[in-house]
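Asks: I'd like to go over a predicted model; first the sequence, then the structure.
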Amino acid sequence: MSELDDTVDPTSLGRDAAIDLGAFRANVSILAARAVGGPLVIDMTADAYGHGLVRLARVAAESGADILSVRDEGDARSIADAGIGIDVRWWHTERFSIPPAGSGIAAFGFGMELTDGAPAGVVPVMTVSAPVLSVKRVPEGHGVSYGFVYRATKETTLALVPLGYADGIPRAATGSGRMAIHGRPYPIAGRIAMDQVVLDVGDAPVAPGDRAVAFGPGLEGEPTAAGWARDSGSTAGEILARIGRRVPRRYIDQEAAR
């Protein structure tokens, strides 16, 4: 893995959103090859769905995109000020300067609910994770989180992870959301809190410092943003865009590292 930006926020508690520029580059190239008879429009609204507007705009321009679509003029200026040579269109309040169409969020690895889904070969770009801060062995009946809506059905181990709804983890997924440790998904025990979740890891040998993956490409057993969307009655685009700024973005390039 090649790290392009290893800046660490000391207040982040190890929260991390790894953005794979190689995966994004490959996704745009796949979409460009399919764009027959018209320009390829990449939707870059909401800070490129939380991935980082300027960083991904540059990669999109280098990978075959013809137009970048944004929702406010300030984003268009940011791309121009970065010296990125690509046509940028912004959506006016009363009418669109271009139709609200194009790639949807396929460039970020997901299909749209009202289309046929993402084309074959595209891969989710963002992986959100945080370290296990503590583990605790608890007896049967032990209550977890607010209101003790979750109680252990047998003796088990609980793992505390510093990702909560203030980081963008949807509270509506309480009771259904999962995170993965060492490629194995574990259920969230109790309510999703503002700053943390608790995972019921059973008898697994989980230890502080192990990485808990909220979502990623789904290639190694971890949940995906689409799975969180199903669990919370949302969309993959919303899950991506709501990841908070206290989760530092870290840019990697898996393809370049091969």
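Replies: Received it, and whenever you're ready, just let me know what you need.

Asks: surely residue 126 is in contact with residue 240?
Replies: Yes - using Cβ atoms under 8 Å, residue 126 is in contact with residue 240, at 6.1 Å. Where C-beta positions appear, they are placed from N, C-alpha and C, glycine not excepted.

Asks: mutual contacts of the two, please.
Replies: Listed as contacting both residue 126 and residue 240 by Cβ atoms under 8 Å, 6 or more residues apart in numbering are 50, 51, 108, 225.

Asks: the last one contacts residue 127, doesn't it?
Replies: Which is residue 225. No - in this structure residue 225 lies outside contact range of residue 127 using Cβ under 8 Å: 9.9 Å.

Asks: find the nearest non-adjacent residue to residue 144, please.
Replies: With Cβ to Cβ, 6 or more residues apart in numbering as the measure, residue 190 is the residue that lies nearest to residue 144, at 3.7 Å, once sequence neighbours are left out.

Asks: shaky segments in the stretch 51-200 of the chain?
Replies: By pLDDT under 70, the low-scoring segments of the stretch 51-200 of the chain are 92-103, 112-118.

Asks: can you list the residue ranges for strands in it?
Replies: Assigned by DSSP state E, counting those that start in this stretch, the stretch 51-200 of the chain shows strands spanning 67-70, 87-90, 126-131, 134-138, 143-144, 150-151, 156-161, 178-181, 184-187, 197-202.

Asks: so can I have JSON lines of the ones you listed showing mean neighbour count?
Replies: Below are the strands of the stretch 51-200 of the chain laid out as JSON lines (neighbours: other Cβ atoms under 10 Å):
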{"stretch": "strand 67-70", "mean neighbour count": "23"}
{"stretch": "strand 87-90", "mean neighbour count": "17"}
{"stretch": "strand 126-131", "mean neighbour count": "23"}
{"stretch": "strand 134-138", "mean neighbour count": "13"}
{"stretch": "strand 143-144", "mean neighbour count": "18"}
{"stretch": "strand 150-151", "mean neighbour count": "17"}
{"stretch": "strand 156-161", "mean neighbour count": "22"}
{"stretch": "strand 178-181", "mean neighbour count": "23"}
{"stretch": "strand 184-187", "mean neighbour count": "17"}
{"stretch": "strand 197-202", "mean neighbour count": "22"}
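
Asks: so which of these is nearest residue 61?
Replies: strand 67-70 (7.6 Å; Cβ to Cβ).

Asks: mind listing residues that contact the closest one?
Replies: Contacts with strand 67-70, where a contact means Cβ under 8 Å, 6+ apart, come from 39-45, 53, 57, 60-61, 76, 79, 86-91, 98, 100, 102.

Asks: mind listing the strands that strand pairs with, and their directions?
Replies: Its sheet considered, strand 67-70 pairs with strand 41-43 (parallel), strand 87-90 (parallel) by DSSP bridges.

Asks: and of the ones you listed, who's closest to residue 199?
Replies: strand 41-43 (33.3 Å).

Asks: summarise which helices and strands the helix or strand just after the closest one is packed against.
Replies: Next helix or strand after strand 41-43 toward the C-terminus (DSSP states H and E): helix 45-49. On a contact count with 3 or more Cβ pairs under 8 Å, 6 or more residues apart in numbering; DSSP states H and E, helix 45-49 meets helix 53-62, helix 236-241.

Asks: and helix 45-49, how far out from the chain middle?
Replies: Offset of helix 45-49 from its chain centre (Cα atoms, centre = their mean, to the nearest Å): 12 Å.

Asks: show the average pLDDT along that helix.
Replies: Across helix 45-49, pLDDT averages out at 94.

Asks: now do the end-to-end distance for stretch 36-55.
Replies: By Cα to Cα, to the nearest Å, the extent of stretch 36-55 from end to end equals 26 Å.

Asks: buried residues in that stretch?
Replies: Residues 40-55 are the ones in stretch 36-55 that count as buried (16 or more other Cβ atoms under 10 Å).
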